[in-house]
Each structure stands twice: as structure tokens, then as C-alpha cells.
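# here is the input, now give the coordinates:
(2 chains)
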2 protein chains.
Amino acid sequence: MRWNGWGDPAQAAPLPDGVRDLLRDLLGVRPADTPPAALADLGVPAPRLGADVLDALARAAGGAEHVRTDAASRVRHTRGKSTPDLLRIRAGEVADAPDAVVLPGGHDEVLAVLRACAERRVAVVPFGGGTSVTGGLAPYADGSGFSGVVALDLRRLDRLTALDEVARTADLDAGLRAPEAERLLGERGFTLGHFPQSFEWATIGGFAATRGSGQASAGYGRFDEMVVGLTVATPAGPMRLGRAPRSAAGPDLRQLVLGSEGAFGVITSVTVRVRPLPQVRAYEGWRFGSFEQGAAALRALAQDGPLPTVLRLSDETETMVGLARPEDIGAAGGARSGGCLVVTGYEGAAGEAADRRAGARVALRAAGGELLGEEPGAAWAEGRYRAPYLRDALLDAGAFAETLETAGFWPALPRLYEAVRGALTETLTAAGTPPLVMCHISHVYETGASLYFTVVGARGDDPLGAWERAKRAASDAILECGGTITHHHGVGTDHRPWYAREIGPLGVAALRAVKSTLDPAGILNPGVLLPRADE
Amino acid sequence: MRWNGWGDPAQAAPLPDGVRDLLRDLLGVRPADTPPAALADLGVPAPRLGADVLDALARAAGGAEHVRTDAASRVRHTRGKSTPDLLRIRAGEVADAPDAVVLPGGHDEVLAVLRACAERRVAVVPFGGGTSVTGGLAPYADGSGFSGVVALDLRRLDRLTALDEVARTADLDAGLRAPEAERLLGERGFTLGHFPQSFEWATIGGFAATRGSGQASAGYGRFDEMVVGLTVATPAGPMRLGRAPRSAAGPDLRQLVLGSEGAFGVITSVTVRVRPLPQVRAYEGWRFGSFEQGAAALRALAQDGPLPTVLRLSDETETMVGLARPEDIGAAGGARSGGCLVVTGYEGAAGEAADRRAGARVALRAAGGELLGEEPGAAWAEGRYRAPYLRDALLDAGAFAETLETAGFWPALPRLYEAVRGALTETLTAAGTPPLVMCHISHVYETGASLYFTVVGARGDDPLGAWERAKRAASDAILECGGTITHHHGVGTDHRPWYAREIGPLGVAALRAVKSTLDPAGILNPGVLLPRADE
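Sure thing, here's the model as predicted:
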């Protein structure tokens, strides 16, 4: 993973000249005049942890080779991959780099690391793929009495330890990256079916900790719906949850760990429901006259079926710009389609997928859709993991690009859509950088759906300040219009104030009580998810 | 509701003579020699609450007419409807009757009642339909410093307050009984689709508090899957949860309240997903050669679809006895069918339901099933709410009848089945009352299913002691074989020790921390769900 951007540097591609022209003409983007800092030039502060602490960590993690204090390792574990994270690290800001990176080799070693850190009041940031876009890897550890911060990197927990073909469950270590999990399952004829945009880098444990949702959620469900069991290492000891698919034995504690973002414990493995590898994968595109008409079509499928495996709708702006197909951005894609693009995908056994496709086609036609054929669907599927690379290219070109998302019940969506677009546009226009705001629906439920916004604009003089204001205005708008502060990105540190408003003081108090029980020293991801007790 | 039995006395029916003969010949059941106690003869202790407390409760609940201390009201709120509950109340044991029954008229009045009780250390038992079969209405309030116990009856919270036809959500008050909820929704063209055996008496709030699951869960989902929002009154104040169908904003707190069994707060209303009234309802029966073969067929439908709306499989004994069709018990039903009966039901839009039925028929035939036609399915649907009445008749006849249930992943089910049957049979045989043990699968998931056991035997000299031993042995077997202590009945007081083993000491500690936060005085259902703090 690029330390100051996304993914595999070999896959990065510069923006086409046409896009540069478009950005300049449409948004006033000027080429960046300062190249990103080089890794060797960063002023990484000296680690604050003494030899005794590092020795204890090495004993806990099974050897000194599993405790790293070199600058490069620490920089690679500094913050996540939000645009503000990238702007800061490109500017060379690494003062909050963790003091050490610890790589335990299994559940028991994770427990031992947590014990060692709790005894010495060292803050611990669980680290999977490092793809958080909500400040989930940037705990608030300053001025709160911690003797240091370690990143607890789970990459050595990387096995498929069990596959039960009768139950159709798999036990996956938390540090397993998604492509490797799919490869291991695929060798046995199964798939997990969780394909978020972070797929190529994110880990199984990260999906669970952040309650993620993938692009095929209509067919395979959200990650929280896939999980039937969890093993968690907490400073207070281990927890194993999930004895049956479902139970009436009290509150579902799995759902208390899912989404806890490393604040209650470190998820070390999950048992997930898996499905047979699909015999067919088919995607296609549809055109609808308006976002409203397209949303009604998605609602009809979500409520009355049949439900495609992938179902997404881009609004007019996103369709025009062609963000759904990054390779075409600024090219003829927009003019070619017009209206609003819907992408549908069907995966499964051949007959069953064909039946669903036939049924969904009838429903989409009845809702006013025009079938564009397989090409737009295939183009979306081909480019589905490219957007983060595109963002790097945009940043290189002097632009600003960021995303945010929410979800709500169907009747709330039109107002949510307008209010968030308005908040982003007004705030960034006032900052002197009028943006392009695009939106899509990519996750549907019987009672509602998600809204995912992409913002592109010029970078301006103070991009971090301008974005902070825009994000705050958008977040306020989300809460005011009845949406949730995040549908699948998580809370992290960025969404904390709105999350507290969303669940109310008693919700915060209940979660804080859980945290105090499982993490009495408060070392786990301080400031992530919940306000610290002394705030 | 009959105070010492089930349901509407007008619907009670004596056992046919043939069944009496069968019980006598097969199980050695002798007619009971002591008739149940009469309500007027019960020695209900004097209420322990003074006039000042009763005045405070009356102020909180909106008037003195909403606080009842008469013996009949208190007896009707004593314990629930498990067989031990019924045996005790039939024997005239009412020493633990609540001191008063309070009937607040809305969410704010519930809050006020909780405040009044917390200030005076009065234990509060939330009471919906009174149908608990796990001791959920029998809190452990003796010797723990409570000045008394009130039953908080939610029957006045009985409205459908909102129906959103776009979101397909309904706001239902917690005290609404299920048939009335269905009637109100049906007038608007919708259904909830939650049909547990307790349907005719249980309430919406009770479904949520106990994390219930209805007989049509394959099609409509479990109750916890229907709930998208909750309003809760706790001694620490109100909570409102659920801003979107799904969210990544932290742990799903709805899933912390669902299943909390009144120990954290009183659910006063829920927002549920509703569906259009089905155009068709069709049931049919199938015969499979063995329970194992039938279970494999159910697994095929659960994993590869299409899934009927109702799907259940009786084992050989249950099929033979015909418990699936109580009107035929002991008659020709058993001999007529043989093997293992599967009941399938299809509800929904006409075309969609027909397609599912056709697809499921193909799968069931492929799995070795023989179609018996609509009659066995219709008979099951007709008799689906009769079993609790049948139990009363069995008790009247001198027999003992009780049920228990679990769930597990598919590979665990054969061992679970044998171990629970063995534990029940051995324990009750050792007690001198060899039982008939029957089982069915009535809830299926991709990764596993439920097992529901029914036990019938002679009552013996010490039925409560014998059942306590049998239930303990069965519960131990469930935990040893990897099952959950309850799939849909809940924890109550009866399952508490096994629940604690199931979630482990950290799970218990986390939930106790939540309870301490929301119910600092510990007045809510003390001893239900969790051990008390001083245990």
C-alpha cells in the first residue's frame, strides 16, 4: 500500500489530459505547485517507548522481529486513507505516527500485547488494511496520560482455519485481506461475497470492526449479516460469541462487537456464512429519466423483488461525469448515456440468476427504465476498485476529491439528498472552490437506502479547513434530515460528535459502560467511536 | 386469558377419550386426583406497598383507576405460562403475586412509573401478554431489599400510531396484542407476518423484548429482523434508536435492546417493517423417510432456495403422534402419514408465491420428499395456535406436557437432537415417568436451524422436581453440543445459568454494565436475564 496514497503504485495512472482540461475549465483546478513530501524527508519524531516496553511487547508478540520502530513502518501506520489523511501525509505531517508497530502472531499473542499495553498505559490502535476514511486510525492519545501509542498490525493473523461445507461457514483470521480470503475460499468452491471499494486492501477484521457493506450487498448482505461468530481479544480477556445462526438468548452480543471499531477489543477471527461460487456473473446498465424515477425503481425491487445481486443508481451529475466508469471520465460517456445510470448485477446459480434477471428486467422496464445492455454494467464492474487511484491522480493534479455517505428510510431520502448536496455546495463555494457534487444509491433495503456523495473541486488555499466546514455542514444536514451519520464507512474520530447525537446520551453512556468493562484502562483506540471519559 | 391456563376458556376443549386411553396405555397417565384451586380460594398475601407508594404510582400512571391491588388482578399477573408456572398456580401458589398492577397510558407515564419505583426501590416487572414460558415474569425480588413488586401492564399502549406506505414501516405501541396489530395493519393493506404460537395473546413489546420468532420466519424473518426502530423508557430516561434501516454508526444498539427482556428498560413502541397483505396463502404437506432426510431437504431450501414462507419438519415421533395436527392426536393421523411430515407454506403476491412453490416442490422432490397435498398443510395452519389449549387439557387429564427449544449450526443438529432427547428421556424415566419426546425444526437459516422439543408424560408424584432435573439435563446437553440455550423463548429466570455460560463472564459483565447505566437502582426485572449484582 502506497504510504501517502492508495494501493499498488504500479496500478496508479495519471489523469488523461482531457480530464485535466475539464477540471481547469469547470472547477478552476490549478496544477499543484508543491509535490508530495518524500518518505525519507519526513521528520518522524523519536519513539516514546523505552526499551523495557519494547521488550515486553516483543515477548508478547513472539519475538523482537515483530516489534518495529523504524520510521517507514511507523509512517505506514499513521492515520488512514481519507482525503484529509492523505493531504496531511502528503504535506509531511507525521507528528502523530505511532511509536511502534507490533505484529502479534495469533489470538493469544494479541491478548498478551493488550495486557502488556494496559499495564503500561500504552494506547493501542488495531490496524488491519489501514483503509479507514473516518479517522479510525487516528486516536486522540495526546495529553491524556498515555506513555505512547502502538499500532497493532494484524497481518500475521492471515489464515482460513476452518471451512464447514455443511453449515456453509468459514473461520477467517482477522488480518486476512479480502482478496486472499476470496482466493482461499474460492479454492474450496465458496465465496464470501463482500466487495467494498476497499476490497483489494481491507481485512476481514476491519470489515467486522467497522460494520462494512460491500457493493453486492443486495445479494450477499452486509458484512454484519454474514458474521455468525466472533473471537475477540480484550484487555479484560477473551470473548467468543455466536453459538447458533440466531438466538433469543439475550441481546445479540455479536452486534455489540460489530461496529465497535477496536474500542472494546480486537477482533481476532470471525466465523462467516459463505456461499457457493457463482456459476454466472452478469452486469448490465439501465437509463432512467431522473434520480427520483430511478430511486422509485430501486425501491420497487427492494420491496417487491426480485433483487439483483448488485443494484446501484447514479444521479444526473454522477452519470454525466461518468464517475461510475472512471476510464471514461470527461469523455463521451456522459453524453452517451444521459439521465441516470442504473447498474444491475446478477450472481448465483445459472438458472436462479437468470430468473432473477428476467424478473428484475420486467420490474425495471415497468418503472420506466431503458436497458442499455451489458457494456455499462461490465464497465462498472471492471472499474469498481479504481476510484481511490483516481483520487490520487486528482490530488496530484491539484484537485480535491472526497466522499461521504448516509442512509435513511425511503421517504427521508429526497430531503437528505438535497440538504447534503446543498450543504456541500454552499460551504465549498463560500470557500472559493465551487464543487461538483455527485451521488449514488448503492445499498437498498425494504425500508430505505444509502446515499453516497462524491465531491470534486479545486483545492484552494486551505483545503483541510474548507473540507472540515463542508463536512460539518453536511453532517449536520444528515442528522437534521433523519439520516444516520454513516451507512458503511464507520464512526472513527471524524463522526464522533454526530454519532453521539444520533444515539443520544444514554446510548453513549451504555457503550461507555461496556468499554469500561472490557477495556478498564481505556487503552484501545482512545477517542475512536466514543468520547473519552474525561471529555 | 385464563388465570391458571391458556387463552380463552370458551376455546378450551377436553381431550378425546381415545387420547386419554392412549396416555394411560402408553405413558401410564392417571387422572388427576386434585382439581385446580379456585381463584376465590387463593391465599393472596396482603400488598406490601403503602398508600404513599400507591399514590405516587397513581400520579405517575394518570389516575388511581390505573393502579390495581385486588387479588384477581394480582393473580393474573403472577408468573407466566410455562408448565411449571401452571402447575404452581393450579396448586394455589401465589405467594409471589405482585403487590400491585400499574397500567400507565403512554411512554411518558411509563417513564414516570419507573422514576417513582426507582426512588422507592420497588421492583418492576414489565408485562405484555403474560405469555413467557421461561420465568420472565417471575423476578427474583425476595430478600433483596425491594419494598415491593409491581407488574407494569402495558395494555393501554395499544395504538398503531403511524404507517408509512412508502417506507413500509409501522409504529406500533408495545402493549398492542398481535391480532389487533394485524387487524389495524390489515385495514391498511399490510401485515407484519409475525405468527408465533403465542400470537393470539402476546404483544408487540413482548416480541421485541424476548427476540421472538414466528412460524412464518422463513418468509417474514425473525421479529428482530423486522424492527427498524425502538422507543425505550428506562429509569435513567428515554432512548430512541434507529435512524435508518441499517447503519455503520457503531454497534447496533437496537440489537442490545431486543432480547433485553425488560431488564434494561421498558420498550414502549417499535417501528417495524411491514409488507403488503399476501394475495395468496397456500400450505401443503410432504412426507420424508426420516428426520435426517427431511432435515437435509430443509437445509437445501435454506441454502439454495427457494424458501417457502413457512417451513417445518416433524420427527418420526411427532409425526406419528400427530402433534402437528392436534385435532387428530391419537387418531388415524399418525398411521396415515408415517415417516416425517414436512409442512410448507407460501404467502405473497400470487405470481411470486406460485414461482416459489414450484421451485420448492422441485427441490423437495429431489431431496426424496413425497407430496401429500394441501390437506396436511391446511390442517397444520388451522391448528397452529391450539397446542397451549391442548396442554391445559393434558394437565387436566393428569399428564405433564412441556416444550423447550434450541438452535445450532447444521452439523451440530444431529448430536443436539440425540443428546437432548436422551437427557429428557433418561431423567424422566429415572423419575418414574418415561416420556414421549417429540421434536420439530421450525426455523431455518443458511447456516443452521432450530430444534423444538415437546415432552409428554405422566405427572408423577413430584412433577416440578422431575421436570427441573430433566430441564437441567437437557440444558446441559444443549450447551455441551454447541447449541444456544434458546432460539425464541428467551432467557427469563429459567435459562439464566446456561445463558451466563453461553456468553461467558465478559459477556455477562458487559451486559451488567449496561444495566447499571440504564437501571442504576436495579429495579427492572431483577434476576431476569442476568444474575443480580450481589449474586
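# any idea how far the residue lying closest to residue A:338 once chain neighbours are set aside is from residue A:28?
Distances taken as C-beta to C-beta, 6 or more residues apart in numbering or on different chains put residue A:287 closest to residue A:338, at 6.9 Å, once the chain neighbours are dropped. Using the backbone N, CA and C atoms, a C-beta is placed for each residue, glycine as well. Residue A:287 sits 31 Å away from residue A:28, going by C-beta to C-beta, to the nearest Å.
# about what we covered before: for the residue nearest to residue A:338, which residues are in contact?
Residue A:287 makes contacts with A:337, A:338, A:339, A:340, A:341, A:342, A:369, A:370, A:372, as judged by C-beta atoms under 8 Å, 6 or more residues apart in numbering or on different chains.
# same deal with residue A:222?
Applying C-beta under 8 Å, 6+ apart, we find residue A:222 in contact with A:211, A:212, A:213, A:214, A:443, A:488, B:246.
# change it to 7 Å
A:213, B:246 (C-beta atoms under 7 Å, 6 or more residues apart in numbering or on different chains).
# how close does it get to residue B:248?
Using C-beta to C-beta, residue A:222 is found at 9 Å from residue B:248.
# the stretch 401-535 of chain A: helices as residue ranges?
Along the stretch 401-535 of chain A, counting by DSSP state H, counting those that start in this stretch, helices occupy A:413-430, A:463-480, A:496-518.
# looking at the ones you listed, which is buried most?
helix A:496-518 (a mean of 21; mean count of other C-beta atoms under 10 Å in any protein chain shown).
# show me which of the contacts of residue A:287 are buried.
Among those, those scoring as buried are A:337, A:339, A:340, A:341, A:342, A:369, A:372 (criterion: 16 or more other C-beta atoms under 10 Å in any protein chain shown).
# and these, which two are furthest apart?
Spatial extent of those (C-beta to C-beta) is set by the pair A:337 and A:369 at 12.3 Å.
# which residues of the stretch 301-450 of chain A lie near chain B?
Contact residues (C-beta under 7 Å from any C-beta of the partner chain) of the stretch 301-450 of chain A with chain B: A:303, A:305, A:352, A:407, A:408, A:409, A:410, A:411, A:445, A:446, A:447, A:448.
# nearest to residue A:131, of these?
Closest approach between those and residue A:131, by C-beta to C-beta: residue A:407, at 20.0 Å.
# I'd say the closest one and residue A:482 touch.
No - in this structure, residue A:407 is not within contact of residue A:482 by C-beta atoms under 7 Å, at 10.3 Å.
# spatially nearest residue to residue A:239, not counting backbone neighbours?
residue A:232 (4.4 Å).
# mind checking pLDDT for that neighbour?
Looking at residue A:232, its pLDDT reads 98.
# and chain A, what are its domains?
What automatic domain parsing lists as the domains of chain A is A:9-156, A:160-276, A:280-384.
# return the most buried member of these.
domain A:160-276 (a mean of 23).
# chain center to it: distance?
Distance of domain A:160-276 from its chain centroid, counting by C-alpha atoms, centre = their mean, to the nearest Å, is 15 Å.
# over to stretch A:279-289?
Mean C-alpha position of stretch A:279-289 versus that of the full chain (C-alpha atoms, centre = their mean) differs by 24 Å.
# picking that back up, partners of the residue nearest to residue A:239 in the sheet?
On the basis of DSSP bridges, residue A:232 is bridged to residue A:239, residue A:267.
# I'd assumed residue A:261 was in contact with residue A:529.
Yes - between residue A:529 and residue A:261 a contact is recorded at 4.8 Å, counting by C-beta under 7 Å.
# shared neighbours of these two, which are they?
Among the neighbours of residue A:529, those also in contact with residue A:261 (C-beta under 7 Å, 6+ apart) are residue A:491.
# may I ask which helix or strand of chain A has the lowest mean pLDDT?
Ranked by mean pLDDT, DSSP states H and E, the weakest helix or strand in chain A is helix A:333-337, scoring a mean of 47.
# what's the mean pLDDT across whichever helix or strand comes after that one?
Counting by DSSP states H and E, the next helix or strand C-terminal to helix A:333-337 is strand A:340-348. For strand A:340-348, mean pLDDT is 97.
# stretch A:159-178 now?
Across stretch A:159-178, pLDDT averages out at 98.
# repeat that for stretch A:372-380.
Stretch A:372-380 comes out at a mean pLDDT of 94.
# could you export that stretch as CSV, CA atoms only?
Provided in CSV are the C-alpha atoms of stretch A:372-380 (Å, rounded to 0.1, in the frame of the first residue of the first chain):
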residue,chain,number,x,y,z
LEU,A,372,-28.5,-0.1,-22.2
GLY,A,373,-27.1,-3.6,-22.4
GLU,A,374,-24.2,-5.3,-20.7
GLU,A,375,-21.5,-2.8,-21.6
PRO,A,376,-22.2,-0.2,-19.0
GLY,A,377,-22.5,-2.9,-16.3
ALA,A,378,-19.3,-4.6,-17.4
ALA,A,379,-17.5,-1.2,-17.4
TRP,A,380,-18.7,-0.5,-13.9
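# can you get me a residue count around residue A:401?
Residue A:401 has 24 neighbouring residues, counting by other C-beta atoms under 10 Å in any protein chain shown.
# ok, it to chain B distance?
To chain B, residue A:401 is 21 Å away according to C-beta to the nearest C-beta, to the nearest Å.
# what does residue A:83 give?
Applying C-beta to the nearest C-beta, the value for residue A:83 to chain B is 19 Å.
# residues contacting that residue?
By C-beta under 7 Å, 6+ apart, residue A:83 lies in contact with A:391, A:400, A:401, A:402, A:467.
# closest one to chain B out of those, please.
Distance to chain B across these (C-beta to the nearest C-beta) is lowest for residue A:402, with 17.2 Å.
# who does that closest one bridge with?
Beta-bridge partners, per DSSP bridges, of residue A:402: residue A:455.
# pretty sure it is touching residue A:468, no?
No - under the criterion of C-beta under 7 Å, residue A:402 makes no contact with residue A:468, lying 11.0 Å away.
# now do the contacts for residue A:457.
The contact partners of residue A:457, by C-beta under 7 Å, 6+ apart, come to A:27, A:399, A:400, A:428, A:433, A:434, A:435, A:436.
# wait, I meant residue A:371
Residue A:371 sits next to A:284, A:286, A:361 when contact means C-beta under 7 Å, 6+ apart.
# residues contacting the residue nearest to residue A:512 when sequence neighbours are not counted?
Sequence neighbours aside, residue A:530 is the residue nearest to residue A:512 in space, at 5.7 Å (criterion: C-beta to C-beta, 6+ apart). When contacts are counted by C-beta under 7 Å, 6+ apart, residue A:530 touches A:263, A:508, A:511, A:512, A:515.
# if I look at the third one, how far off is residue A:431?
Residue A:511 sits at a distance of 35 Å from residue A:431 (criterion: C-beta to C-beta).
# check residue A:157 too.
43 Å.
# before we move on, what about residue A:199?
The gap separating residue A:199 from residue A:431 is 33 Å, by C-beta to C-beta.
# repeat for residue A:91
Counting by C-beta to C-beta - residue A:91 and residue A:431 are separated by 18 Å.
# around chain B, which positions in the stretch 51-200 of chain A sit nearby?
Residues of the stretch 51-200 of chain A found near chain B (C-beta under 7 Å from any C-beta) are A:164, A:166, A:167, A:168, A:169.
# give the contact list for the closest residue to the first one other than its chain neighbours.
If you skip the residues right next to it in sequence, residue A:164 has residue B:411 as its closest partner in space, 6.1 Å away by C-beta to C-beta, 6+ apart. By C-beta under 7 Å, 6+ apart, the contact list for residue B:411 reads A:164, A:166, A:167.
# need the residues you listed in TSV with secondary structure, can you?
Formatted as TSV, these follow (DSSP: H, G, I helix; E, B strand; the rest coil):
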residue	secondary structure
A:164	strand
A:166	coil
A:167	coil
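# want to throw those residues into CSV with distance to residue A:21?
CSV is the format used below for the contacts of residue B:411 (distance: C-beta to C-beta, whole Å):
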residue, distance to residue A:21
A:164, 55
A:166, 58
A:167, 56
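# no further questions, thank you.
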